[in-house]
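Q: the sequence isn't on hand, but the structure is:
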């Protein structure tokens, strides 16, 4: 019964989304017609049944708002019901039978609800419904017509997802006869970090699509200006924060769970989350120009379209199976075709609307090339170039596979193309915030970056003298990271720290985070040490500053796995030894083996240990890494997210104060 | 700067950036075109020296030898027509077996052997990157 109720809730929600779209479309139409004939308006105003434009729009808004809220509530209800069938391990539901098993811990039963294609699509539309309800309830400052158009755009996006769920990916489909137990969730995914990784990314994707809905609304009502940008900005910022958290957490998960010691693999699934982040980063910066200086109008709208397209590509490519297996299309061509059609409709529609309306967007304020705006334009351009490279590198193997050629694009490609451009972008990030808005002098700008530049140069010399033989990219990365860290704090120099707005702190912290993360990446790449040995129990091995001794091997049993655990006694210098316990885990449903690394975090880096197999002579394979300052990579990511949160808080507070002042 | 000019300049800059990205990416991709080799490809096309490639095929029966250092193995990858000796140091994946498919990542040596830095054995394809799944697919067709 639960599954049927869930399906019914989905159908109702879809019907409401259609209603929302129709109401919004009529509302925007009618009020546009009223506006278009102001000359006749005074004649008609004799007729009391036709109110003024304002009340008409208010009427439609009053109708659309509750529809959006109820739609959100229904789809949340459907998602809760799906989680309920997973928690009850109802094996008569196909999705549960395929992706869950009764013996799984509760948290992974819940996470299992979105650990598959259909469930993750339902989660997506759930978050969208929640966001739609939030826009309908809390957006107060935006022009009424634009708000109605925005809610209409959201309904249009949601409809595509409802159609996809109901016609080709029904998460509530039954299985008859029901099996005794399910096939289980991939053991690699049975990890607390990963259980909440997809929802985080999805909140980011959905946030971007809400920002895009605002852009569509503004385009439809020809209202592209600072007011619209201020309404859109919190959504862009929020989405960007969640994407940052999602990417950072995903990177750390891949690092400790896969047992390869790497932190980024340029895997298509990773790229699918990186591309929306790059686009959102560009959008975040240009929307600030639009909100505060009323410049870059069409530019910002275009970036919103691009960011939305990337979040669609990210959403569909990851879970659709196009990326995870080349065979997916052959297995379910209907679903693949559906996804392609949706992508074409969404992205094509967005571009077509942009093309049709770009002429109506009036030119905003202009600026000199050497100015804060100029730097932000270059930031946007470089981010777009990196985005283009990642997009081509990710899609090329798929397109080539369609023509029967298998090829692989990995580290060498991305490192050599996107790497140097990213370094230029980071260098620019040091300069941009130190330039004035509208117009600045080159000499003055250069003087302001003199100290950071000197720091970078000094770091370069020190590295060349004391650590010769570092490769070019890590070398530049380390030197640049230091200089940019100094430069990112520079906007606070000479300011009254108590009166500096919160969003300025946000910018400083986020930029500092990028510098910290860059330094961590460069340090990991330049200074990592690896030891791969077969060791007898009692033998000591060295890696970096550590001495690692295997003191025992013992069996361990978990809820749905059994493991062999190596007990390592680790010493560093004269300090007291501590124990690390890397495991080789065996899962039975589905049958798979995973290596659970054991990691020790010190202030200056991480010791990373993996247990391998036993050889014929009774020795155990150990893989040990010493990775100096590798933690800075994720600490930097966390700083970026915190910076975003500070900025969001600062903006929301200022907006609120401004509205209160207006009302007073 | 005139308003009209600025908008045009920005549009041209954006166009230039997109074209630059495409050209850069496509020129870099040219080098990646040939990446996967079966043993008989090497006989046919010669050794691809000095670049990271993937070698795929079947692990020949009785060819797996453990070396005395305890972490290295030697084995032979075959596709029925030709075979390549492979050396690998590291933790061998769970599903690596004789008579079963394998994809080795690494470099060919001038003597015709292959030094692998990573082994991909047949795996749950559900969460496999497409290139790997594609390479595994190729080795599967060798198995039949």
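A: Happy to help now that I have it. Since we're looking at a predicted model, the values are computed, not measured. Numbers count the residues shown, from 1 in each chain, chains lettered A, B, ... in the order given.
Q: contacts and neighbour counts: CA atoms only from here.
A: Noted.
Q: which strands or helices does the helix or strand hosting residue A:156 pack on?
A: Assigned by DSSP states H and E, residue A:156 belongs to helix A:144-168. Contact here means 3 or more CA pairs under 8 Å, 6 or more residues apart in numbering or on different chains; DSSP states H and E; on that basis helix A:144-168 packs against helix A:2-36, helix A:53-87, helix A:117-138, helix A:197-220, helix A:333-357.
Q: could you dump these into a markdown table and include distance to residue A:552 and mean neighbour count?
A: Converted to a markdown table, those look like this (distance: least, CA to CA, whole Å; neighbours: other CA atoms under 10 Å in any protein chain shown):
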| stretch | distance to residue A:552 | mean neighbour count |
| --- | --- | --- |
| helix A:2-36 | 49 | 19 |
| helix A:53-87 | 38 | 21 |
| helix A:117-138 | 42 | 22 |
| helix A:197-220 | 35 | 27 |
| helix A:333-357 | 51 | 16 |
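Q: rank those helices by pLDDT, which is bottom?
A: When the helices and strands packed on helix A:144-168 are ranked by mean pLDDT, helix A:333-357 comes last with a mean of 83.
Q: any low-confidence regions in the chain?
A: I'll assume chain A. The model of chain A has pLDDT under 70 over residues A:32-55, A:185-189, A:193-194, A:318-334, A:404-408, A:589-590.
Q: meant chain B, my bad for not saying
A: Using pLDDT under 70, chain B drops low at B:1-4, B:31-35, B:122-144.
Q: quick check, central residue of it?
A: residue B:54 (2.7 Å; CA atoms, centre = their mean).
Q: which residues touch it?
A: With contact set as CA atoms under 8 Å, 6 or more residues apart in numbering or on different chains, residue B:54 has these partners: B:35, B:36, B:37, B:103, B:104, B:105, B:106, B:107.
Q: before we move on, back to that, which one of the helices and strands packed on helix A:144-168 lies nearest to chain B?
A: Taking CA to the nearest CA, helix A:117-138 is the member of the helices and strands packed on helix A:144-168 nearest to chain B, at 11.2 Å.
Q: beta partners of the residue nearest to residue A:588 when sequence neighbours are not counted?
A: Leaving out its chain neighbours, the residue that sits closest to residue A:588 by CA to CA, 6 or more residues apart in numbering or on different chains is residue A:561, at 6.7 Å. Note on residue A:561: beta-bridge partners residue A:587, judged by DSSP bridges.
Q: neighbours of residue A:561, just the number please.
A: Using other CA atoms under 10 Å in any protein chain shown, residue A:561 has 17 other residues around it.
Q: ok, now residue A:617?
A: Residue A:617 has 11 neighbours, counted by other CA under 10 Å.
Q: sec struct for it, please.
A: Put simply, residue A:617 is coil when judged by DSSP: H, G, I helix; E, B strand; the rest coil.
Q: in stretch A:440-457, what's buried?
A: Neighbour-count burial for stretch A:440-457, with 16 or more other CA atoms under 10 Å in any protein chain shown as criterion, is recorded at A:440, A:445, A:448, A:449, A:452, A:453, A:455, A:456, A:457.
Q: got the residues you listed as CSV, with distance to residue A:114 and secondary structure columns?
A: Output for the buried residues of stretch A:440-457, formatted as CSV (distance: CA to CA, whole Å; DSSP: H, G, I helix; E, B strand; the rest coil):
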residue, distance to residue A:114, secondary structure
A:440, 51, coil
A:445, 50, helix
A:448, 50, helix
A:449, 48, coil
A:452, 46, helix
A:453, 47, helix
A:455, 47, helix
A:456, 45, helix
A:457, 49, helix
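Q: got the domain ranges for chain B?
A: Domain segmentation of chain B under automatic domain parsing yields B:1-33, B:36-143.
Q: what residues sit buried inside the shortest one?
A: Neighbour-count burial for domain B:1-33 flags B:6-7, B:14, B:17-18, B:21-22, B:24-26, B:28-29, B:32 (criterion: 16+ other CA under 10 Å).
Q: now, which of those lie close to chain A?
A: B:6-7, B:14, B:17-18, B:21-22, B:24-26, B:28-29, B:32 (CA under 8 Å from any CA of the partner chain).
Q: hmm, back to that, make a markdown table out of the helices and strands packed on helix A:144-168 and add distance to chain B.
A: Below are the helices and strands packed on helix A:144-168 laid out as a markdown table (distance: least, CA to the nearest CA, whole Å):
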| stretch | distance to chain B |
| --- | --- |
| helix A:2-36 | 25 |
| helix A:53-87 | 20 |
| helix A:117-138 | 11 |
| helix A:197-220 | 15 |
| helix A:333-357 | 13 |
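Q: could you dump those helices into a markdown table with distance to residue A:315 added?
A: A markdown table is the format used below for the helices and strands packed on helix A:144-168 (distance: least, CA to CA, whole Å):
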| stretch | distance to residue A:315 |
| --- | --- |
| helix A:2-36 | 19 |
| helix A:53-87 | 18 |
| helix A:117-138 | 8 |
| helix A:197-220 | 7 |
| helix A:333-357 | 10 |
